[in-house]
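Peer 1: Can you look at this prediction? I've put the sequence above it.
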Amino acid sequence: MSARRAPYLLIGTATLLLSGLAFIVRGRADMVDMTGVEPWDVCGECHGLDGAGNRIKFPRLAGQKQPYIIKQLFDFRAGRRKNDGGQMQKTATELDEADIPRVAEWFEGQTPPWPKPTIDAAPDLTRARQLALHGDTGIRACLSCHSAGSQRLLGNAPRVAGQRDYYIAKELNDFREGRRLNDPKQVMNRIARRLSDAEIVSLAIFLSQNPDMHEAVVP
């Protein structure tokens, strides 16, 4: 065999092998039986079928109101909200639009145990309680919007009492640094910019470990 022809033969052989492998993979994918698979099963890979969140970085969806979950999924689909690595944009886009309300209804109805603390820090719980229930200059009380007992609660305001501490801290940081911008009136961005690192951590721990605060009545 000519040494000059050898590279071309190797390239041709590799191409045939890769083509065959691609055919096999496609064939196997076509054979996957999706009977009985619900749209929320895909979400459950990260958030748990019970909505508790499989790991600290995945938020608890259980108990969140339908309008909030629906809004977030459509925001991800439209690119108004983004997350690390783009996983949620991809997943939200793959969901059939008609299935989104069903997914939201499923997670709203879940009631898993409350999360355990994961942030290793010494929080200022007195300051956190002040911010959560009363706010401060330029800072609206967290539970004046995010509590079921608050008169100003909107359908698309998420439940934060009982949410995972890591997720609360991450989202407050993202709002503060402008990485999250899907709050229509940028209220959360303005509030988060007034919070220090220590206040964010303290709030995250306080809210996460006091799920009963969700029923608080805050004017």
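Peer 2: Nice, thanks for sending it over.

Peer 1: would you list every one of the helices in this protein?
Peer 2: Secondary structure of the chain by DSSP state H: the helices cover 6-30, 39-47, 66-78, 87-94, 100-108, 125-133, 143-146, 165-177, 187-193, 197-208.

Peer 1: now the second one, how far from the centre of its chain.
Peer 2: Counting by CA atoms, centre = their mean, to the nearest Å, helix 39-47 is centred 12 Å from the centre of its parent chain.

Peer 1: same question, the fifth one
Peer 2: Here helix 100-108 is found 14 Å from its chain centre; the criterion is CA atoms, centre = their mean.

Peer 1: ditto for the third one
Peer 2: Here the centre of helix 66-78 is set off from its chain's centre by 11 Å, with CA atoms, centre = their mean.

Peer 1: Residue ranges of each domain in this structure, please.
Peer 2: 39-108, 125-215 (automatic domain parsing).

Peer 1: confidence score at the residue nearest the centre of the chain?
Peer 2: With distances taken as CA atoms, centre = their mean, the residue of the chain nearest its centroid is Pro59 (4.9 Å). Looking at Pro59, its pLDDT is 97.

Peer 1: Identify the residues contacting the closest residue to it other than its chain neighbours.
Peer 2: Once flanking residues are discounted, Pro59 sits nearest to Tyr167: 4.4 Å by CB to CB, 6 or more residues apart in numbering. Placement of C-beta: from N, CA and C, glycine included. Shown in contact with Tyr167 (CB atoms under 8 Å, 6 or more residues apart in numbering): Gly53, Ile56, Lys57, Phe58, Pro59, Arg60.

Peer 1: Around the closest residue to Ile100 other than its chain neighbours, how many other residues sit close by?
Peer 2: Of all residues not flanking Ile100 in the chain, Leu73 sits nearest, at 5.1 Å (CB to CB, 6+ apart). Using other CB atoms under 10 Å, Leu73 has 23 neighbouring residues.

Peer 1: low pLDDT regions in the protein?
Peer 2: 1-34, 151-155 (pLDDT under 70).

Peer 1: ok, 90 please
Peer 2: Applying pLDDT under 90 to the chain flags residues 1-36, 84-85, 148-157, 184, 217, 219.

Peer 1: re earlier: any chance of the domains of the chain in JSON lines, with distance to Ile119 too?
Peer 2: As requested, the domains of the chain are exported to JSON lines (distance: least, CB to CB, whole Å):
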{"stretch": "domain 39-108", "distance to Ile119": "9"}
{"stretch": "domain 125-215", "distance to Ile119": "5"}
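
Peer 1: what's the closest of the ones you listed to Lys116?
Peer 2: domain 125-215 (8.7 Å; CB to CB).

Peer 1: out of the helices of the chain, nearest to Arg159?
Peer 2: It's helix 143-146; of the helices of the chain, that one is closest to Arg159 (CB to CB) at 6.5 Å.

Peer 1: ok, the residue nearest to Pro59 to Ala98 distance?
Peer 2: Computed as CB to CB, to the nearest Å, the Tyr167 to Ala98 distance reads 28 Å.

Peer 1: Kindly report the same for Pro39.
Peer 2: On the measure of CB to CB, Pro39 and Ala98 end up 9 Å apart.
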